[in-house]
Structures are given as C-alpha cells and as structure tokens.
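Asks: Need a 3D model of the following:
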Amino acid sequence: MIKEKTACFTGHRPEKLPGCKELNKPVLSIVKSMLYYQIYQAIESGYEYFISGVARGVDLWAALYVIEIKKKFPNIKLICAKPYEDHGNQFKGEDLWDFKNILAKADEIISVSKNYSPDCFRLRNCFMVDHSSRLIAVVDNYKSGTGQTISYANKKGIEVNIINVKDYLAMSPETEYRNAEYFYLK
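Replies: Below you'll find the model as predicted:
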C-alpha cells in the first residue's frame, strides 16, 4: 500500500444517521450516491488503495462500492482494517452477509488489535489515517468516533472529503434525487 495513493473511510452506523433509520429513505440514497461518487473521484485522481474499517454502515457500504468499481478498475485494492480479530462475528442478517462477502473479496485483511479493548476502534481509525493521504467521511455528529477520526486526519494534514448528512436533510425528495443524479453523473 502506498500512502499517497491510499484513501480510507469513516462514518456512522446506519441507526446513527438522521433520516436513514429506514434503509430505503431518500437521504440514505443521497448519502450512498455521494459516497460512490467520492470513491470514483478518488480513483480518477490516482488513488489505488482503499481502507475500510468494516464497521456496519458507511464502512461496509464503501467496501462494497470498491468491490463493485474493481470490475471497471481491476488495479484498485481493498484493504480491510478490522479493529480486532473477531470483529464482525456478532453482525446479523444483511450486515453479516455483506461483511463475509467483503472479507472474501478483500485484497488484504489487517487486524489492528488481537482482542477487543475499549480503545481498539480508535486505534483502527488512527491506523487507517496514518496509512492514507485522503479520508472520505460521512458525518452528522462530530462528537463521535467519526468526528474524532476527522479531527485526527486534519491534525495529520491529510485531505478530508466530508459528506455532511445535514446538508441533505432539509431537501425535498425531488431536489434530493436531482442532486444525487447530478453528482453521480458529473
């Protein structure tokens, strides 16, 4: 992995994203479209390595998008940075299915810590930022692990691309879909 060609992700779990409690809500569609767009834009800018922390929500969605985009750009690589070795075993339903699929298709899997500890997620986030030159973030609440990761990335001087969920909450469904189409097709 080459730091200058590596991007990583941070974001909230789905239940922590306002307007996204139901997975078919328009706000979630916009957020996912913007996430896809940011990944695609990174590839067009020369990024080849993508690190996902494989947490539920944004991390899993981003990893699935990288896997999908690899069909067109087979040179890109997906690195999964698990906070601890058994991370993900407690997932259920679609999250577990996606998690196992992602690990099976990942180019590399790294466990930052051997066992769970209260600090393992922060250590995982620092590892991702320390090995990247760009952070793609989906955020609503900056007083969170996502906010701490953004702050750490800013301190380290890496590029931070933020998808702020609040920017899309006030939009009407018609405006949301037009904007998603605009950003996706741009």
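Asks: For A106, which residues are in contact?
Replies: For A106, the contact set (C-beta atoms under 8 Å, 6 or more residues apart in numbering) comprises 63, 78-80. The way it works is simple: take the backbone N, C-alpha and C, and place the C-beta from them, glycine included.
Asks: what's near enough to touch the closest residue in space to F73 that isn't next to it in sequence?
Replies: Excluding the flanking residues, the one nearest F73 by C-beta to C-beta, 6 or more residues apart in numbering is I43, at 5.6 Å. Going by C-beta under 8 Å, 6+ apart, I43 touches 69, 73, 76.
Asks: Report how many residues lie close to I109.
Replies: Neighbours of I109 under the rule other C-beta atoms under 10 Å: 15.
Asks: What separation do you get for it and I102?
Replies: From I109 over to I102 the distance is 9 Å, taken as C-beta to C-beta, to the nearest Å.
Asks: what touches both of the two?
Replies: C80.
Asks: report the longest helix in this protein, please.
Replies: Longest helix of the chain, by residue count under DSSP state H: helix 26-44.
Asks: dump the residue contacts of L96.
Replies: G88.
Asks: hmm, 10 Å instead?
Replies: By C-beta atoms under 10 Å, 6 or more residues apart in numbering, the contact set of L96 is 56, 88-90.
Asks: got it, and S151?
Replies: By C-beta under 10 Å, 6+ apart, the contact list for S151 reads 142, 160.
Asks: In three-state terms, label it for me.
Replies: helix (DSSP: H, G, I helix; E, B strand; the rest coil).
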